[in-house]
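Colleague: here you go, sequence then predicted model.
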Amino acid sequence: GKSMKLHIGSSCLIRIRISSSKRLCRVLRAEYSQLERLHWPIQHKTPLIYGDIAPSKSRNAVPCTATGCKWPKSGDYVYIPVYISSSYTSAERNIIIRGLVSFHSSTCIRFVWRTSHVDYLYFYSGTGCWSYLGRQGGLQAVSLRNNGCLYHSTVQHEVSHALGFHHEQVRSDRDSYVQVLPQNIIPGYEHNFEKIQTNNLGTPYDFNSVMHYTKYAFSKNGQPTLLSKANPSLDFGRATSMSANDIARINKLYGCSE
Ligand SMILES: [Zn+2]
């Protein structure tokens with residue numbers, strides 16, 4: 001049968017203890033079959049906004065806007081429970097885990113295995129690469145299709161959405177840095193390029209952000225949909241990992257101490 005690979009090498013994703021003496025990774029194993037059945041119906045049913053950001057579910061519980069859609073901080077760290085679908089191979093799982101762990105070394109975000117946590121990220125191979133924006137409450141899907149989305153930068157990108165971050169090219173100050181060419185955008189996808197009132201947290205516009213689209217995103221004709229105003233020949237949006245600004249933003253939004 002399927003085996004759960006809960007370890008990288010010989011260590012858990014993160015070694016913290018919950019109220020009981022059981023390690024998080026041990027508890028997760030027991031819930032596996034139940035969780036898979038619970039998660040099955042959500043596949044293939046989520047429409048998207050902004051290309052890879054799923055619209056929020058309406059909820060009668062505490063709306064995430066009350067807390068800015070941030071994940072709660074506990075002491076010095078922001079613990080975010082995760083569950084990774086067992087449909088991934090161990091190699092695929094490890095790409096996701098490596099992406100998650102990369103936040104540990106540069107921010108105060110700490111991903112923990114979901115046990116009985118109410119709010120958590122559920123990684124699964126859905127219809128493409130997409131995420132919700134900020135904490136939604138409850139099971140929060142992050143789709144990383146096994147064929148096409150399992151790259152370090154893509155994991156970081158979708159997780160950054162879940163932390164509350166928009167695409168770089170829709171920043172409130174983007175008009176000073178980037179030109180949108182609507183004549184080259186696939187009809188119906190123009191909304192992906194609409195400017196948004198974002199909190200830029202004092203960090204500069206960054207073409208090397210892991211959240212920046214490529215020059216040819218949603219192009220209908222192979223021509224650019226975005227151009228750098230300072231340097232129209234600049235190629236961008238090909239970050240292979242989070243930039244220093246991406247990391248600084250996370251640390252500012254979540255009040256991580258140095
Ligand atoms: Zn995105």
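Modeller: Sure thing, it's come through. Note that this is a predicted model, so its numbers are computed, not measured.

Colleague: now the helices for the stretch 51-200 of the chain?
Modeller: 90-106, 152-163 (DSSP state H, counting those that start in this stretch).

Colleague: the last one to helix 90-106, inter-axis angle?
Modeller: For helix 152-163 against helix 90-106, the angle between stretch directions is 60 degrees (axes from the mean of the first three to the mean of the last three C-alpha atoms, to 10 degrees).

Colleague: relative to the whole chain's centre, how far out is helix 152-163?
Modeller: Averaging C-alpha positions (C-alpha atoms, centre = their mean, to the nearest Å) puts helix 152-163 3 Å from its chain's average.

Colleague: again, but for the longest one
Modeller: Between the mean C-alpha point of helix 90-106 and the mean C-alpha point of its chain there is a distance of 12 Å (C-alpha atoms, centre = their mean).

Colleague: what comes into contact with that helix?
Modeller: Applying C-beta atoms under 8 Å, 6 or more residues apart in numbering, the contact partners of helix 90-106 are 5, 8, 13-14, 82, 84, 88, 109-111, 123, 144, 146, 150-152, 154-156, 159, 241-242, 247, 250-251. Quick note: C-beta positions are derived from backbone N, CA and C, even for glycine.

Colleague: buried set for it?
Modeller: For helix 90-106, burial by neighbour count (16 or more other C-beta atoms under 10 Å) applies to Glu92, Arg93, Asn94, Ile95, Ile96, Ile97, Gly99, Leu100, Ser102, Phe103, Ser106.

Colleague: leaving out chain neighbours, which residue sits closest to Thr214?
Modeller: Leaving aside its chain neighbours, Thr214 sits nearest to Gly237 (3.6 Å; criterion: C-beta to C-beta, 6 or more residues apart in numbering).

Colleague: would you mind measuring from that neighbour to Ile97?
Modeller: Distance, Gly237 to Ile97, using C-beta to C-beta, to the nearest Å: 25 Å.

Colleague: kindly report the same for Asn146.
Modeller: 14 Å.

Colleague: brilliant, that's me finished.
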